[in-house]
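Novice: here is a sequence with its predicted model. Questions after.
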Amino acid sequence: MNTDFSFTIKSICLDENYHPSDSTRITTNFANLARGESRQQNLRNALRMIDNSFNGLAHWDNPNGDRYSVELEIISVDMDIEGSGQSFPSIEVLKTNIVDHKTNERIEGIVGNNFSSYVRDYDFSVLLLDHNKDQPQFSIPDNFGELHGKLFKYFVSSEAYKQHFKKLPVICLSVSDNKTYHRTDNQHPVLGFEYQPNESSLTEQYFKKMGLQVRYFMPPNSVAPLAFYFFGDLLNDYTNLELISTISTMETFQKIYRPEIYNANAIAGKRYQPNLKNLDHSLTQIVYDREERSKLAVKQGKFAEEHFIKPYQTVLEQWSANYA
């Protein structure tokens, strides 16, 4: 059976004038910020936080702390299943670009960072919930995340990906609030101290099916570790500036969305358990609707079910069974 999926990659600047398009997943970090009365101020503040964080980490040959700024692109990936020209919005990520104001150079950063996908919304907000509706004990459906993982790997190895991006993606997420993390002796100049979790999480297993490994690091100037999902060798495949572009971008979003963890007033110790009920934290000056975000995940999961999973079920199952 020959099913060839094709991908179209589109890019739009994430700056203070950004307006989410109708087709974007509204739960993505940046889309949530770019709505409502404070949208422009939100975006301006978030971008300034990213630049400040970047300069704080890239402090060498940077006496005034203003040598660099980060430009962000929203990368949207549409997938055409049957070659019919009908495409489904499959993945949305961010790409960082670094501007060096001393040399007037524009340096490519990392693609990935934020990760959002309709099929993941379907898996977590529709499939997993339905599966556990009447179960006395929480369990995971068979083949959970298989299709999504294969689609992601297929995309990353596609010609479309290779034409647009030089390096493989790195995705940076928050730590899980039901795990305990232990600080190791391993310290990287930019990523900081490495932490190890006491057990694997569902997110880790889900991303493993996408071909990604995970390591946890707490960068200098940070108060909690971040989860870095990657292919290959995180510490040697990327330059310090590339890594800093991901840290500064994603930690800024986490400070806005999870201030209890990433804007806490106390720094993570040797043994660290993240706590979303931690009251000892500071809020950023950025307006954000957390409740809306969780409701929208369900809505988007249902959208994926209706426009992707159900209509193409047979094709997808056959493709998935044959995908090596």
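Specialist: It's in.
Novice: could you pull out the buried residues of the strand or helix carrying N236?
Specialist: Element membership of N236, judged by DSSP states H and E, is helix 234-237. Buried residues in helix 234-237, counted by 16 or more other Cβ atoms under 10 Å: L234, L235. (Each C-beta comes from the backbone N, C-alpha and C, glycine too.)
Novice: contacts for it, please.
Specialist: Residues from elsewhere that reach helix 234-237, judged by Cβ atoms under 8 Å, 6 or more residues apart in numbering: K167, L168, V170, H188, L191, Q213, R215, F228, F230.
Novice: check contacts around the third one.
Specialist: Contact analysis of V170 by Cβ under 8 Å, 6+ apart lists I110, G112, N113, F228, Y229, F230, L234, Y238, T246.
Novice: next one: it, what pLDDT does it get?
Specialist: Looking at V170, its pLDDT is 97.
Novice: likewise for the fifth one?
Specialist: Residue-level confidence at L191 comes out at 97, pLDDT.
Novice: how about the strands in the chain?
Specialist: For the chain, the strands defined by DSSP state E occupy 6-14, 68-80, 87-100, 105-117, 170-174, 181-188, 192-197, 213-218, 226-230, 271-272.
Novice: of all these, which one is nearest Y262?
Specialist: Closest to Y262 of those is strand 170-174 (Cβ to Cβ; 7.0 Å).
Novice: dump the contacts of V170 to CSV, plus pLDDT and distance to L72.
Specialist: Below are the contacts of V170 laid out as CSV (pLDDT from 0 to 100; distance: Cβ to Cβ, whole Å):
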residue, pLDDT, distance to L72
I110, 96, 11
G112, 94, 12
N113, 93, 8
F228, 98, 18
Y229, 97, 19
F230, 97, 19
L234, 97, 21
Y238, 97, 17
T246, 97, 11
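Novice: relative to R120, which of the residues you listed is nearest.
Specialist: Y229 (12.7 Å).
Novice: centre of the chain to the helix holding N236, how far?
Specialist: Centroid displacement of helix 234-237 relative to its chain, using Cα atoms, centre = their mean, to the nearest Å, is 18 Å.
Novice: keeping just the C-alphas, turn it into PDB.
Specialist: This file holds the C-alpha atoms of helix 234-237, laid out as PDB (Å, rounded to 0.1, in the frame of the first residue of the first chain):
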ATOM      1  CA  LEU A 234      21.900  17.500  23.400                       C
ATOM      2  CA  LEU A 235      25.200  18.700  24.800                       C
ATOM      3  CA  ASN A 236      27.400  18.400  21.700                       C
ATOM      4  CA  ASP A 237      25.000  18.700  18.700                       C
END
